[in-house]
Structure formats: structure tokens, C-alpha cells
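Engineer: Build the 3D model from these lines:
(3 chains)
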Amino acid sequence: MRTLSLFFILLAVWLLLSGIYTPLIIGFGVLSCLIVVLIARRMDVLDKESFVFNLGPKLLTYWVWLFIEIVKANYDVAKCVFFPRKYLRPSLFSVKATQKDDLGKVIYANSITLTPGTVTVDLHEDTILVHGLTTGAAEGVKSGDMDRRVSDIMGKA
Amino acid sequence: MDLILDIGTWISLLIGSFFLLVTGFGLLRFPDLYTRIHAGGMADTLATAIICFGLALQSGFTLISVKLLFVVIFVFLTSPTATYALAQAAFVAGLKPRLDGFEGPSEKPATNNDDD
Amino acid sequence: MTIFSITAFAILVSVAMALARAILGPTAYDRILSANAIGTKTVLLIAVVGFMNGRPDFLDLALVYSLMNFIGTIAVLKYFKFGTLRGGLSDTRDKDL
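Structural biologist: Residues are numbered from 1 along each chain as shown, chains lettered A, B, ... in the order given. Just a heads-up that it's a prediction; the model follows:
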């Protein structure tokens, strides 16, 4: 099942990127997708974690929310570049990740890193060490809003 | 219609350029490694997304826009991983972040662990 | 259009700033960070220059460059951390932090 979906995803990526739809080129695409799938099976990398698409449509709403957060955080960091004396308050603190499996923790930690102003420095068991640039960014992570949303989308899987 | 798209491209590319310049400025100005990582993150996220959006307005609904979308997705997936690897490597090597705020760019540099 | 030239110029100025940080240091991690940032900006520069010359095929190069940039950063970090590219990362955790 996973093998089949990997094949079709790879094929879709090939068709979208190539843009040349002659039988020869499409044949090459099918062939290389098959080889990649075979290698992936042989290397045994096709476990549950490598397949994110069963998280469902909640992932999309999460991405939209995350993008709005990124825009706000970019504005904060830009302010911080121009007025460092006023806004720059670096801090290092740890938060608990409430997700049960590794995939959820990785999504959470990467989301923290992706929003400028907070960077995941270390992830160990379920403790995430975060470096915050401003007090506002640090409070945003400490409030646990993002953690709750990630747990929400992981709960469906 | 073309005019609206052109104006959209102008606005998005100008905002993207602005954030890129702020990124470069922040890389120069911030006091230690961990704060510089935040500045670098700005170019990785909003500037990339908004410049690719502005370029996609010029190409319309074609395969070119799909490629721009792929660029954004790749950067969004790989950039936090690279940043995390960098921050964690620096932290494990014993580079301590400065937590005392900002005292001017000509302060003493952060603890130097070049040989670690 | 003029806006592509303006954006390309802004990207180049930003790259110059990152390059200055790479020269100033002070730690090796700063330099790796600068290299990574320059890589991201190069991706954007390739895309913008492609549009400027009316050849959006350049986007394929931008795609490949974004992946190469990631792999390069990880490889340099790993080499820097262990002094070798051999072996896995699995035993790094047990060092006390």
C-alpha cells in the first residue's frame, strides 16, 4: 500500500516537473520511479513515519495557521533587527512536547524552528530546548498553543 | 488585469527584497550565533515564500508556478532541519548563548570554540 | 521588467552581508550559517534571474540547488562534528549536554 502510494507520488512529481509528455520521456519517468521504489523497499525506509499523507485535511489548516504565525514572527524579528536595544531579549528555556510519537515531536520542533524568533536547540525524549529571541516569541511557545494544534492533527492519525 | 498582476509582482518582490536586506543586516548586527540563526530564518521563510509568490503571479497557472511551489516546499521542509542540526551541533560543542541582551555590536565576541 | 533587476540587486547586497559575516566569524558555526543563508539566497537569485531573462527553465536549477544546499550543510556539519563522514549519528546522544 505504502509502496504503491510512493510510486504514484513520485510519478506525479515527475510529471509536474518534466513538462515533456512524449511516450519515451514518460517511459523513462515510470522506469526511474520503479527503480526508486524498489531501492526504497530494499533499504526498508518505508515505515510509518515516512508517510505523512494519512494525517488528513487538518494538516492543511495547520499549515495555513503556521504561515500566518510565520508572517507575524517575521515582523517581530525585523523590528528586532532595527531596534535591538529595545526588543532583543534572548532566552533559553525548555518546554514539554505532549505528542506521543516521534513524527509529532518532529513536526512540533520543526514548526518552532520555522517561525523566526524561536529556534529548537535540542530535542531529547519529550523535552524541547528552545532559544527565543524576544520575550513575546518566548511567551508564544510557552503558552502551548502550537503544541496543542500539533497534538490535534496527530490525534487523527 | 495584466496591470493588477504586475502591481502584485512589484509589491511582493519589494517586500521580499526588504526582508532579504533585513536578513543580511541582522546577520551582521546580532551579537551571537543563536540570535544570528533567527535572522537567517527570515530569509528562509517569508522572503522565499513571498518572492516565489510574486514570480508565480507573472507565470500564471502553468508548470512554472508548480515548480515555484516545489521550491517553496523544499525550502520549508529542509531549512528547519538544517537550522536544527546547526543549533544542536553548536550547543553540543559547548557554545553558550548570550542571554544578557544587547550591549552594542562592538562587544567582545561570544565564547570562541573554534577548536572544539 | 525593472523589478527583477531591483530584486536581484537586493539579493546580491544581502549575499554580500552574509559573506561579510562568514569572513568575520568568529566561530566556525557562524560561517556554516552564512554558507547556508547564501545558499538560500542563491536559490532565489537563480529564480529571479531566470525570470529576468525570460527563461523560467532556470527554476529546475533552483530546485536542485535548494536540495544540494541542504545536503551540503548537513554534510559539512557532520564532518565538522565527527571529523569523518563514516558511520551514523545514532551515538551522539549519550554525551552529556
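Engineer: quick one: low-confidence parts of chain A?
Structural biologist: Along chain A, segments meeting pLDDT under 70 span A:48-56, A:155-157.
Engineer: cool, chain C as well?
Structural biologist: In chain C, residues with pLDDT under 70: C:85-97.
Engineer: What number of neighbouring residues does the closest residue to chain B within it come out with?
Structural biologist: Going by C-beta to the nearest C-beta, chain B is nearest to C:M17 of chain C, at 3.0 Å. Placement of C-beta: from N, CA and C, glycine included. Residues within reach of C:M17, counting by other C-beta atoms under 10 Å in any protein chain shown, total 23.
Engineer: now it, what's its secondary structure?
Structural biologist: Classification of C:M17 using DSSP: H, G, I helix; E, B strand; the rest coil returns helix.
Engineer: Disregarding residues adjacent in the polypeptide, which is nearest to it?
Structural biologist: In space, and not counting its chain neighbours, C:M17 is closest to B:G24: 3.0 Å by C-beta to C-beta, 6 or more residues apart in numbering or on different chains.
Engineer: Same question for A:L6.
Structural biologist: Closest to A:L6 by C-beta to C-beta, 6+ apart is A:V37, at 5.7 Å.
Engineer: from what I can see that neighbour touches A:F8, true?
Structural biologist: No: with contact taken as C-beta atoms under 8 Å, A:V37 and A:F8 are classed as non-touching, separated by 9.9 Å.
Engineer: of the two, who's got more company?
Structural biologist: Under the criterion of other C-beta under 10 Å, the comparison of A:V37 against A:F8 puts A:V37 first, with 19 against 11.
Engineer: for the helix or strand harbouring the more buried one, packing partners?
Structural biologist: Here A:V37, judged by DSSP states H and E, is contained in helix A:23-43. Helix A:23-43 sits against helix A:2-18, with contacts defined as 3 or more C-beta pairs under 8 Å, 6 or more residues apart in numbering or on different chains; DSSP states H and E.
Engineer: buried ones in the helix it packs on?
Structural biologist: Buried residues in helix A:2-18, counted by 16 or more other C-beta atoms under 10 Å in any protein chain shown: A:R2, A:L6, A:F7, A:L10, A:L11, A:W14, A:L15.
Engineer: B:T45: which of those is nearest?
Structural biologist: A:L10 (26.7 Å; C-beta to C-beta).
Engineer: Quick check: closest non-adjacent residue to that closest one.
Structural biologist: A:C33 (4.3 Å).
Engineer: what about the one you found, distance to C:D60?
Structural biologist: Distance, A:C33 to C:D60, by C-beta to C-beta, to the nearest Å: 18 Å.
Engineer: quick one: which of the two has more around it?
Structural biologist: A:C33 (19 against 16).
Engineer: That one is in contact with A:F7, isn't it?
Structural biologist: Yes: between A:C33 and A:F7 there is a contact at 5.6 Å, judged by C-beta under 8 Å.
Engineer: For burial, what's the neighbour tally of residue 57?
Structural biologist: Since you didn't name a chain, this refers to chain A. For A:P57, using other C-beta under 10 Å, the count is 9.
Engineer: could you do chain C instead?
Structural biologist: 11.
Engineer: list the contacts for the residue nearest to it when sequence neighbours are not counted?
Structural biologist: Leaving aside its chain neighbours, C:D57 sits nearest to C:G50 (6.9 Å; criterion: C-beta to C-beta, 6+ apart). Contacts for C:G50 (C-beta atoms under 8 Å, 6 or more residues apart in numbering or on different chains) come out as C:P56, C:D57, C:F58, C:L59, C:L61, C:A62.
Engineer: C:G50 and chain A: what is the separation?
Structural biologist: Note on C:G50: its distance to chain A, by C-beta to the nearest C-beta, to the nearest Å, is 15 Å.
Engineer: Now that residue: which helix or strand?
Structural biologist: C:G50 belongs to helix C:28-52 when assigned by DSSP H and E.
Engineer: moving C-terminal of that helix, what's the next helix or strand?
Structural biologist: helix C:58-82.
Engineer: which residues touch the longest helix along chain A?
Structural biologist: Counting residues, the longest helix in chain A under DSSP state H turns out to be helix A:58-82. The contact list for helix A:58-82, computed with C-beta under 8 Å, 6+ apart, reads A:52, A:87-88, A:111, A:114-118, A:133-134, A:136-137, A:146, A:149-150, A:152-153, A:156, B:19, B:22, B:25-26, B:29-30, B:38-39, B:41-42, B:45-46, B:49.
Engineer: how about that helix: buried residues?
Structural biologist: A:59, A:62, A:66-67, A:69-70, A:73-74, A:76-81.
Engineer: what's the answer for stretch A:82-98, then?
Structural biologist: So for stretch A:82-98, counting by 16+ other C-beta under 10 Å, buried means A:P84, A:Y87, A:L88, A:R89, A:P90, A:S91, A:L92, A:V95, A:A97.
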